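A.B. asks: would you be able to build a 3D model of this:
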Amino acid sequence: MTAVVFIHGTGVREPGFSALTGRVAAGLTALRDGLRIVPYYWGGTHGATLGAGGASLPPQGAARGLADAPAGPDGGDDTAAAWSALYADPYAELALAAVGAERSGERPPGSVPPEQKLQAQLAALAAQGDAPAAELGPGLARATTDLASHPLLGPAADALDPDDLAALAARSLTARLIADALDADTPLVPVGDTRDAVAVRLGEALGAPPRGAERGLRSLVLRTAGSAASRAVLRRRRALTEAAHPAAGDILRYLSRGAAVRADLRTLVAGLEPPVVLVGHSLGGIIALDTLISRPLPQVRLLVTAGSQGPFLYESGSLPSLEHPAPLPPHVPDWLNLYDPRDLLGYCGAELFPGRVTDVAVDSRQPFPAAHSAYWTNPAVYRHIADRLP
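C.D. replies: Numbers count the residues shown, from 1 in each chain. Predicted coordinates for the structure are as follows:
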């Protein structure tokens, strides 16, 4: 029986770790019978903590007075850049539509406000709870209620036809759910196909024609993508800093005091029957690579890294176990390295270690940083791993 040791990345803590491990186990066992999935939860024992309760964090409002600086798209295609803007501000598109409205302030007697129909549909959607967008996690009912009472909904309804308004509302709800998940530092972010399917489903529930939830996304959002994202980041500076500290702290702590993490992983592997596969995400891939380089582990037949910075640390002279240009030791097993071209934390190793590393690109259709957390909801990732399991 092949044992697959899953090693999580930076900032992952319970209960997120159990959810992540369960997803990885489900993805692999669906493609290969007889696997034993063994989690290595190093974050609980060796992860960084703020010993003084966050005294080093900037005080609330420290960013006040800074001028907004326009930020460009994330470097991917137009759709990814547009979604990136909506993750930063799920109401950005609503605001853009409202700008083009020409509301007179008075309506003919007996006329129905154009937003009223959508508000009724939003209320019906909220009554269904989180089920219509279950793939994106909890919060749909709350997001739907918030959108129905948004002050810009009426002006936007004056500017758009009902189909376009329903599609816009669906995109706003979808972006809100993913943005909430990113703010909560969830280790699982859905791939773009799942996101788009939910947006279409919600759009149809709100009255948009089939596939209508995708219409107009790029043209309406991209014009102000940079400024919307910049304002959102400044508004949430402390929240973002607080959310980031486990991840940043984990990296620094590992690079300075990583011996205990590697020792525990060696002990775990030593107790397993071969063949063993190490699967590491982000910093987990660095931990696995360092452990294999520093001492032979003959039970391990395959190393899999996803969104890992190991090759970059090696090339920059920062990998603890091996300094460039020293070659990869012969005892290191075959290495499959998965990376998303939009994941700015994913690097390639084939040119650094010719014949020892297989780089495979996987596309989640998500912008960064969502792309860095979307590997484990991407079916292609599991197919590539399953094809190479011993």
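
A.B. asks: quick check on residue 306: phi, psi?
C.D. replies: Residue 306 adopts backbone torsions of phi -130, psi 130, taken as degrees, to the nearest 10.

A.B. asks: contacting residues around it?
C.D. replies: Counting by C-beta atoms under 8 Å, 6 or more residues apart in numbering, residue 306 makes contact with 279, 280, 281, 282, 285, 337, 338, 339, 346, 375, 376, 381. Any C-beta I mention is one placed from the backbone N, CA and C, and that applies to glycine too.

A.B. asks: residue 360 falls within a helix, correct?
C.D. replies: No: counting by DSSP: H, G, I helix; E, B strand; the rest coil, one finds residue 360 to be strand, located in no helix.

A.B. asks: neighbours of it, how many?
C.D. replies: Look at residue 360: counted by other C-beta atoms under 10 Å, it has 18 neighbours.

A.B. asks: among the contacts of residue 306, give me the pair with the biggest separation.
C.D. replies: Using C-beta to C-beta, the contacts of residue 306 span at most 15.8 Å, a distance reached by 337 and 376.

A.B. asks: how about the helices in the stretch 151-300 of the chain?
C.D. replies: For the stretch 151-300 of the chain, helices defined by DSSP state H, counting those that start in this stretch occupy the ranges 153-159, 162-183, 192-205, 217-221, 225-235, 237-257, 259-270, 283-294.

A.B. asks: figure out which of these is closest to residue 31.
C.D. replies: Of the helices of the stretch 151-300 of the chain, nearest to residue 31 by C-beta to C-beta is helix 192-205, at 18.1 Å.

A.B. asks: out of the helices of the stretch 151-300 of the chain, which comes closest to residue 96?
C.D. replies: helix 217-221 (5.4 Å).

A.B. asks: quick one: low-confidence ranges for this structure?
C.D. replies: 50, 53-54, 56-78, 100-112, 211-247 (pLDDT under 70).

A.B. asks: please redo it, this time with the cut-off set to 80
C.D. replies: Scanning the chain for pLDDT under 80 picks out 49-79, 81, 99-114, 185, 210-249.

A.B. asks: where do the strands sit along it?
C.D. replies: Assigned strands in the chain, in chain order: 3-7, 36-40, 276-281, 300-306, 334-339, 357-361 (criterion: DSSP state E).

A.B. asks: for these, give me TSV that also has distance to residue 179.
C.D. replies: As requested, the strands of the chain are exported to TSV (distance: least, C-beta to C-beta, whole Å):
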stretch	distance to residue 179
strand 3-7	27
strand 36-40	28
strand 276-281	22
strand 300-306	23
strand 334-339	24
strand 357-361	26
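
A.B. asks: highest average neighbour count across these?
C.D. replies: Comparing the strands of the chain by mean neighbour count (mean count of other C-beta atoms under 10 Å), strand 276-281 ranks first with a mean of 27.

A.B. asks: what lies in contact with it?
C.D. replies: The list of residues contacting strand 276-281 from outside it, by C-beta under 8 Å, 6+ apart, reads 2-9, 24, 269, 286-289, 291-292, 297, 299-308, 375-376, 385, 389-390.

A.B. asks: now do 7 Å
C.D. replies: Here strand 276-281 makes contact (C-beta atoms under 7 Å, 6 or more residues apart in numbering) with 2-9, 269, 287-288, 299-308, 375, 385, 389-390.

A.B. asks: now stretch 138-150
C.D. replies: Under C-beta under 7 Å, 6+ apart, the answer for stretch 138-150 is 91, 94, 119, 122-123, 125-126, 129-130, 132-133, 153, 169, 172-173, 176-177, 180.

A.B. asks: please apply the same query to stretch 185-198.
C.D. replies: By C-beta under 7 Å, 6+ apart, stretch 185-198 touches 8, 11-12, 16, 19-20, 23, 133, 135-136, 174, 178, 181-182, 214, 243, 364-366, 370, 373-374, 376-378.

A.B. asks: from those, which would you call buried?
C.D. replies: The neighbour count (16 or more other C-beta atoms under 10 Å) marks 8, 11-12, 16, 19-20, 133, 136, 174, 178, 181-182, 214, 364-366, 370, 373-374, 376-378 as buried among the contacts of stretch 185-198.
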